[in-house]
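J.: Curious how this folds, go ahead:
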Amino acid sequence: MPAGATDHVNRSGRLDVGDGHSLYWEDWGNPDAELVVVHLHGGPGAGFSDSHKSLYDPARHRVVFHDQRGCGRSTPFAATEHNTSRHLVADVEALRRHLGLGRVVVAGGSWGSTLALLYAIAHPDAVRALLLWSIYLATQFESDWVNEGYPRHHLPAEWERFIGHVPAEHRGSGTSVMRFYADQLRSPDPARRQLFAREWTLWESALLSVQYDPTTLEAEIADDPATLSIAILETHYFLAGCFVPEGHILDNLPTITHIPAIAVHGRFDLCTPASSAHHLATAYGPRLDLRWANSGHLRTDPEMHAALRKAAAELLDQHP
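T.: Presented below is the predicted three-dimensional model:
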């Protein structure tokens, strides 16, 4: 557990956001900091943990964390009803208002980068700056990249294990593969649900880090309750195009390109291809500083973590 992760929580609570959903949140770090960060975790369905706090300095930074609908300590767990991108964006705004925050720095990686961009597009006047990493733009190509197995040339055995659970008649496209997994994740048989949640998460997790250790990874997934919520919520979101029109983020960037932003992407990211970060930077323009790290997808990869610590300090200590 990172030093200072738990002993710098100023307050925590639950926020009823309607439709039977209740969000768990924490307000962490220096309560007197001029800028407040709203940190958005990945997934969908992963939840936040104390490891996310290692990006920030509790003596200087104030950060608000929350578990998005259906995951972590928010309830109901793994629920897909009333759970769309529109709901998650509205939840971020509800939490900002609940805590009485003004303009905030919004930070997020992977799915968190998607949600950060969607929130900024919906509420540009509430965003002071953006810190993004492992960029995911919610496009069909990015979904197909994983579910049609483009990284299989780097990880052939892992892909064969993942696709081996899918009957031949369901292998016509990345969407059909994902739909088969989604159907199994909703099986009345708990053991079958858990099997397909594990296999879904194992394939995706193999794509995340340059420090890949399959034996350790499988043991970690077996003991992690987030394995089920990630698999259920990812298939729910990705089969629906993340509940936004194709190209929505890039098409709507002109509404936010005045907001200063730093984006960090791993050159060896096999989960979200580097082209996504390049397209974002090209469309965003000079107010976005794109930085490359010799890392994979994970914020915990050493070079990614160092780059994010540096970027967070620059954004927060220079008071944009």
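
J.: end-to-end on stretch 294-306?
T.: In stretch 294-306, first residue to last residue: 11 Å (CA to CA, to the nearest Å).

J.: who's in contact with it?
T.: With contact meaning CB atoms under 8 Å, 6 or more residues apart in numbering, stretch 294-306 is reached by 51-52, 54-55, 109-110, 133-134, 207-212, 264, 266-272, 293, 307-308. C-beta: built from backbone N, CA, C; applies to glycine.

J.: Report the spatially nearest residue to His21, omitting neighbours in sequence.
T.: Arg69 (5.0 Å; CB to CB, 6 or more residues apart in numbering).

J.: For PyMOL, write the select line for the buried members of the contacts of stretch 294-306.
T.: To isolate the buried members of the contacts of stretch 294-306 in PyMOL, using 16 or more other CB atoms under 10 Å:
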select buried, resi 52+54+55+109+110+133+134+207+208+209+210+212+264+266+269+270+271+272+293+307+308
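
J.: so of the contacts of stretch 294-306, which ones are in helices?
T.: Counted as lying in helices by DSSP state H, out of these, are 307-308.

J.: would you list every one of the helices in the protein?
T.: Using DSSP H, helices in the chain cover 85-98, 111-122, 140-147, 156-164, 174-185, 190-206, 214-222, 226-239, 248-252, 274-284, 302-317.

J.: quick revisit: what about the residue nearest to His21, distance to Leu308?
T.: Counting by CB to CB, to the nearest Å, the gap from Arg69 to Leu308 is 25 Å.

J.: Please work out which of the helices of the chain is packed deepest.
T.: By mean neighbour count, with neighbours taken as mean count of other CB atoms under 10 Å, helix 111-122 ranks first of the helices of the chain at a mean of 26.

J.: what angle do it and helix 226-239 make?
T.: 50 degrees (axes from the mean of the first three to the mean of the last three CA atoms, to 10 degrees).

J.: Which residues does helix 111-122 contact?
T.: 39-44, 46, 68, 85, 88-89, 92-93, 106-108, 126-127, 130, 132-138, 237, 242, 244, 248-249, 252-253, 255-256, 259, 263.

J.: Format the CA atom coordinates belonging to it as PDB.
T.: C-alpha atoms of helix 111-122 as PDB (Å, rounded to 0.1, in the frame of the first residue of the first chain):
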ATOM      1  CA  TRP A 111     -11.400   4.200 -19.600                       C
ATOM      2  CA  GLY A 112     -10.800   7.100 -17.200                       C
ATOM      3  CA  SER A 113      -9.400   9.100 -20.000                       C
ATOM      4  CA  THR A 114     -12.600   8.500 -22.000                       C
ATOM      5  CA  LEU A 115     -14.800   9.600 -19.100                       C
ATOM      6  CA  ALA A 116     -12.600  12.600 -18.500                       C
ATOM      7  CA  LEU A 117     -12.900  13.700 -22.100                       C
ATOM      8  CA  LEU A 118     -16.700  13.000 -22.100                       C
ATOM      9  CA  TYR A 119     -17.100  15.000 -18.900                       C
ATOM     10  CA  ALA A 120     -15.100  17.900 -20.200                       C
ATOM     11  CA  ILE A 121     -17.100  18.000 -23.400                       C
ATOM     12  CA  ALA A 122     -20.400  18.000 -21.400                       C
END
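
J.: which residues does the residue nearest to Ala206 when sequence neighbours are not counted contact?
T.: Excluding the flanking residues, the one nearest Ala206 by CB to CB, 6+ apart is Glu158, at 4.4 Å. By CB under 8 Å, 6+ apart, the contact list for Glu158 reads 152, 202-203, 206, 214.

J.: now swap in Thr201 and tell me
T.: By CB under 8 Å, 6+ apart, Thr201 lies in contact with 221, 227, 230-231.

J.: What's the separation between the most centrally placed residue in the chain and Pro260?
T.: A centroid search over the chain (CA atoms, centre = their mean) returns Gly42, at 1.8 Å, as the residue closest to the centre. Distance from Gly42 to Pro260, counting by CB to CB: 23 Å.

J.: same deal with Trp159?
T.: The gap separating Trp159 from Pro260 is 39 Å, by CB to CB.

J.: which strand residues sit across from the closest residue to Leu131 other than its chain neighbours in the sheet?
T.: Among residues not flanking Leu131 along the chain, Ala107 sits closest, at 4.0 Å (CB to CB, 6+ apart). Beta-bridge pairing of Ala107 under DSSP bridges involves His39, Leu131.

J.: Quick check: pLDDT value at Ala107.
T.: At Ala107, the model reports a pLDDT of 98.

J.: Repeat that for Met304.
T.: At Met304, pLDDT is 97.

J.: Identify the residue spatially nearest to it, adjacent ones excluded.
T.: Closest residue to Met304 apart from its sequence neighbours, by CB to CB, 6+ apart: Ser295 at 3.9 Å.

J.: How about Gly42?
T.: Ser110 (3.8 Å).

J.: dump the residue contacts of the one you found.
T.: By CB under 8 Å, 6+ apart, the contact list for Ser110 reads 42-43, 133-134, 136, 271-272, 297.

J.: if you set the cut-off to 7 Å instead, what comes out?
T.: The contact partners of Ser110, taken as CB atoms under 7 Å, 6 or more residues apart in numbering, are 42, 134, 136, 272, 297.
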